[in-house]
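> Generate a structure from the sequence data that follows.
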Amino acid sequence: MRHSWISLLLFLSLGAAERADLVVSAAKVVTMDAGGRVIERGAVAVRDGRIVAVGPRAEIDSRFRARRRIDRPDALLTPGLINAHTHAPMSLLRGIADDVPLQAWLEKFIFPAEARNVNEAFVRAGTRLALLEMMLGGITTYADMYYFEHAIAEETKRAGMRAVLGQTVIGFPAPDYKTPQEALAAAEKFIQAWRGDDLITPAVAPHAIYTTDAATLRACRALADRYGVPVHTHVSETKKENDDSRHAHGMSPTRYLDSLGFFAGRTILAHMVWASSEDLKLLEARPAGIAHCPSSNTKLASGVPDYRAWLASRVPVALGTDGPAGSNNDFNLFEEMDLASKLAKVSTLDPTVLPAEKAFRMATIEGAKVLGMDREIGSLEAGKKADMITVSLAAPHAVPEHDVYSMLVYSLKASDVRDVVIAGRVTVLDRKPQTLDVQKVAREAAEMRTRVAASLR
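This is a model prediction of the structure:
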């Protein structure tokens, strides 16, 4: 009789438990919520692609009956990282032109290489390679601008990655469309096809003020506003760009774009190295954010931004890797966090500038703000989309652990990422990709490498 009562109580307790599709537990849960909670021996419960609860593991276990579990007592559980600016298919151009200035890199190497090689097959293979690298490094969302963006969207969706994808509009014949008008028409079709998708947010991506005329820039903004999608562009990346703008327009690139009504809606501004305090003040009143790419800015000698001005302003700042073809040779956001913090310190001669917690915010919740997605991603909170990663603490460089943010920014590596969950779907489990064929990706990349090398002879 006693065993019958125990069985009945167990049945009733299990019946009363809430359903969860997935529960992930870890040594610490780094939430990045408004209170900055770090939960010891914590867990996150997921149902229908969204987080339903975050708290101590004992509390989550008593409340939820999980269909699947991932338990990592030797890891941190954090929001997925957000790469706010890149060009994913350029993974296949990695290393073809290093150690040259930006304009020479573009005009003598990248634009010619793209003209000879970039087609839809190239873009699909390069995107798959980029997705594999990004996911293994803990990136769950990225913002891209390139050509054949519909192909990038299809590959990204298939792999289960989240992305803001901008169809490039540029003022000379591109690999996909030969005129800005053709590119704008294609961008509209792209938006219509992907608007409302759970993973893909379409965008319009005019390349820059030095490759796109005023009429086209206005048309890009108008198109984006018509559908309520973001615009993604390069701004104030180099001193030359700033000087040329002042000579041609009598104002900075930011002021020039504002004079065109360019900041009417959500705008992702890549680089902004040479933005002034006045530029930042203007942007505080606009729905715009900065995608800071420290590796690219240093590798191309574009410059170091005024970090004090950035941090003093209310303009959100995210981190981006840029494209891996001379401006940066990888998609490693752990490196970007580390470098951004150290550049801020050495450029100001102040070790307190851009502390580790702020750098990690730039890679998570601040990145979500720049993309206009902070109500949905960027932190681990009930109601948000279930985008999260576990980061192992087992390696020697992870021992001992005194401060969690210091570990994440200065000690841990992309290779320490162990599991990746995007929209509740496990895309990497114990460092094994679940949605991409590693051997196929490598084989395609090798084939494309041979083709690119032949085209450059």
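
> What are the boundaries of the strands in the stretch 1-150 of the chain?
18-20, 22-30, 38-47, 50-56, 64-66, 69-79, 81-86, 139-146 (DSSP state E, counting those that start in this stretch).

> and those as TSV, adding distance to residue 278, mean pLDDT and mean neighbour count?
Quick note: C-beta positions are derived from backbone N, CA and C, even for glycine. Output for the strands of the stretch 1-150 of the chain, formatted as TSV (distance: least, Cβ to Cβ, whole Å; pLDDT from 0 to 100; neighbours: other Cβ atoms under 10 Å):
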stretch	distance to residue 278	mean pLDDT	mean neighbour count
strand 18-20	50	97	16
strand 22-30	36	98	24
strand 38-47	38	98	21
strand 50-56	40	98	19
strand 64-66	52	97	19
strand 69-79	33	98	20
strand 81-86	23	98	31
strand 139-146	26	98	28
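
> Just send the ones you listed back as TSV, with distance to residue 393 too.
Shown next, in TSV, are these (distance: least, Cβ to Cβ, whole Å):
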stretch	distance to residue 393
strand 18-20	25
strand 22-30	6
strand 38-47	13
strand 50-56	18
strand 64-66	23
strand 69-79	5
strand 81-86	17
strand 139-146	20
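
> ok, now how distant is the residue nearest in space to the middle of the chain from residue 318?
By Cα atoms, centre = their mean, the chain has its centre lying nearest to residue 83, at 1.7 Å. Noted for residue 83: a distance of 9 Å to residue 318, by Cβ to Cβ, to the nearest Å.

> which residues are in contact with both of these two?
Common neighbours of residue 83 and residue 318 (criterion: Cβ atoms under 8 Å, 6 or more residues apart in numbering): residue 367.

> any idea how far the host helix or strand of residue 247 is from the chain center?
If you go by DSSP states H and E, residue 247 is part of helix 239-249. How far helix 239-249 lies from its chain's middle: 29 Å, per Cα atoms, centre = their mean, to the nearest Å.

> next one: stretch 57-74
For stretch 57-74, the distance to the chain centre is 28 Å (Cα atoms, centre = their mean).

> Over to stretch 379-397?
Worked out by Cα atoms, centre = their mean, stretch 379-397 lies 15 Å from the chain centre.

> Could I get the average pLDDT for the helix holding residue 247?
When pLDDT is averaged along helix 239-249, the result is 97.

> try stretch 155-166
Per-residue pLDDT values over stretch 155-166 give a mean of 98.

> re earlier: out of the strands of the stretch 1-150 of the chain, flag the one nearest residue 343.
In terms of Cβ to Cβ, the element of those nearest to residue 343 is strand 81-86, at 16.5 Å.

> circling back: next SSE downstream of the helix holding residue 247?
helix 253-259.

> Can you list the low-confidence ranges for the protein?
Counting by pLDDT under 70, the chain has low-confidence residues at 1-16, 326.

> quick one on the thing from earlier: please name the nearest non-neighbouring residue to the residue nearest to the centre of the chain.
Leaving aside its sequence neighbours, residue 83 sits nearest to residue 142 (Cβ to Cβ, 6 or more residues apart in numbering; 4.1 Å).

> List the beta-bridge partners for that neighbour.
Legend: beta-bridge partners of residue 142 under DSSP bridges are residue 83, residue 163.

> Can you verify my assumption that it contacts residue 88?
Yes - with contacts counted by Cβ atoms under 8 Å, residue 142 reaches residue 88, the gap being 7.0 Å.

> what is in contact with those two at once?
Shared contacts of residue 142 and residue 88, counting by Cβ under 8 Å, 6+ apart, come down to residue 134.

> residue contacts, the residue nearest to residue 125 when sequence neighbours are not counted?
Using Cβ to Cβ, 6+ apart and skipping the chain neighbours, the partner closest in space to residue 125 is residue 444 (4.2 Å). Applying Cβ under 8 Å, 6+ apart to residue 444 gives the contacts 125, 128-129.

> try residue 323
Counting by Cβ under 8 Å, 6+ apart, the residues that residue 323 touches are 86-88, 90, 93.

> okay if I get these as a markdown table plus distance to residue 399?
Putting those into a markdown table (distance: Cβ to Cβ, whole Å) gives the following:
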| residue | distance to residue 399 |
| --- | --- |
| 86 | 32 |
| 87 | 37 |
| 88 | 34 |
| 90 | 36 |
| 93 | 38 |
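
> and which of those is nearest residue 349?
Among the contacts of residue 323, and counting by Cβ to Cβ, the member closest to residue 349 is residue 86, at 30.9 Å.

> tell me which element the closest residue to that closest one other than its chain neighbours falls in.
The shortest distance from residue 86 to any non-neighbouring residue, by Cβ to Cβ, 6+ apart, is to residue 321 (5.2 Å). For residue 321, there is no helix or strand it lies in under DSSP H and E.

> List the buried residues for stretch 272-292?
Neighbour-count burial for stretch 272-292 flags 272-276, 279-280, 282-283, 286, 288-292 (criterion: 16 or more other Cβ atoms under 10 Å).
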